[in-house]
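S.K.: Generate coordinates for the sequence data below:
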Amino acid sequence: MMNDIKKLAEELLTSSGITFLPVDVNKIALDVKCEIFYMTPEQLPDDFKCKKDNFFNGAIIKKINEEKINEETYYLIVNPRHLITRQRFTIAHEIGHVYLKHVDIIDCREDIYTGDKNEQDANDFAGNLLMPENWFLHMYKSVSVSESRLANIFLVSEQAIKMRKKALGL
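M.R.: I've put the predicted structure just below:
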């Protein structure tokens, strides 16, 4: 499955015309018919499916279009209190749910450390999308830089860099 996820992320980067770093997740979100909303837990509607006190990073809602049943669009909700690196990973993660066809009506991301297979796959997708393997290996091998510098280049957290290195066996 990991190679399938890598391939899907690479295909999405190509179809979105992404050719430089950092990866433009906002453009990709638009390309896959996702509209991004930045909301704190307090701004969520009272009838929101996720528990507000558990709302951690983000959620995704499938928009039902009564006129065009086969046309799927999504609302991504991102917590603006987090660092931009966390927000970008959340957006990439939620795009992963869309691209991997995990979304029924609503998916809430209440805990980033879950053992759920769909959550792990969406995290793998986000890593592949934000830090494409060929670009990551090129930067890692040709430019002897610290994890901090790599994080700045890819506009992700140092934790994401560590996880990516581990996933690539570095």
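S.K.: need the next SSE after the lowest-mean-pLDDT helix or strand in the chain, C-terminal direction.
M.R.: Least confident helix or strand, the chain: strand 106-109 with a mean of 55, by mean pLDDT, DSSP states H and E. In the C-terminal direction, the helix or strand that comes right after strand 106-109 (DSSP states H and E) is helix 117-130.
S.K.: now for that next one, which elements pack on it?
M.R.: helix 2-15, helix 25-31, helix 84-99, helix 158-167 (3 or more CB pairs under 8 Å, 6 or more residues apart in numbering; DSSP states H and E). Glycine gets a C-beta too; all of them are placed from N, C-alpha and C.
S.K.: closest to Glu72 out of those?
M.R.: helix 84-99 (8.0 Å; CB to CB).
S.K.: returning to what we had before: would you mind giving the helices and strands packed on helix 117-130 as TSV with distance to Asn57 added?
M.R.: TSV is the format used below for these (distance: least, CB to CB, whole Å):
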stretch	distance to Asn57
helix 2-15	19
helix 25-31	14
helix 84-99	4
helix 158-167	13
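S.K.: Of the ones you listed, flag the one that's most buried.
M.R.: Burial of the helices and strands packed on helix 117-130 is given as mean neighbour count (mean count of other CB atoms under 10 Å); helix 84-99 ranks first at a mean of 23.
S.K.: Return the residues in contact with the residue nearest to the spatial centre of the chain.
M.R.: The residue lying closest to the centre of the chain (CA atoms, centre = their mean) is Ala92, at 1.5 Å. Contacts for Ala92 were tallied using CB atoms under 8 Å, 6 or more residues apart in numbering; they are 23, 25, 28, 125-126, 129-130.
S.K.: at 6 Å instead, please
M.R.: Going by CB atoms under 6 Å, 6 or more residues apart in numbering, Ala92 touches 25, 126, 129-130.
S.K.: Okay, it and Arg164: tell me how far apart.
M.R.: Distance, Ala92 to Arg164, by CB to CB, to the nearest Å: 12 Å.
S.K.: shaky segments in the protein?
M.R.: 1-2, 48-56, 64-71, 103-115, 143 (pLDDT under 70).
S.K.: Good, we can wrap up now.
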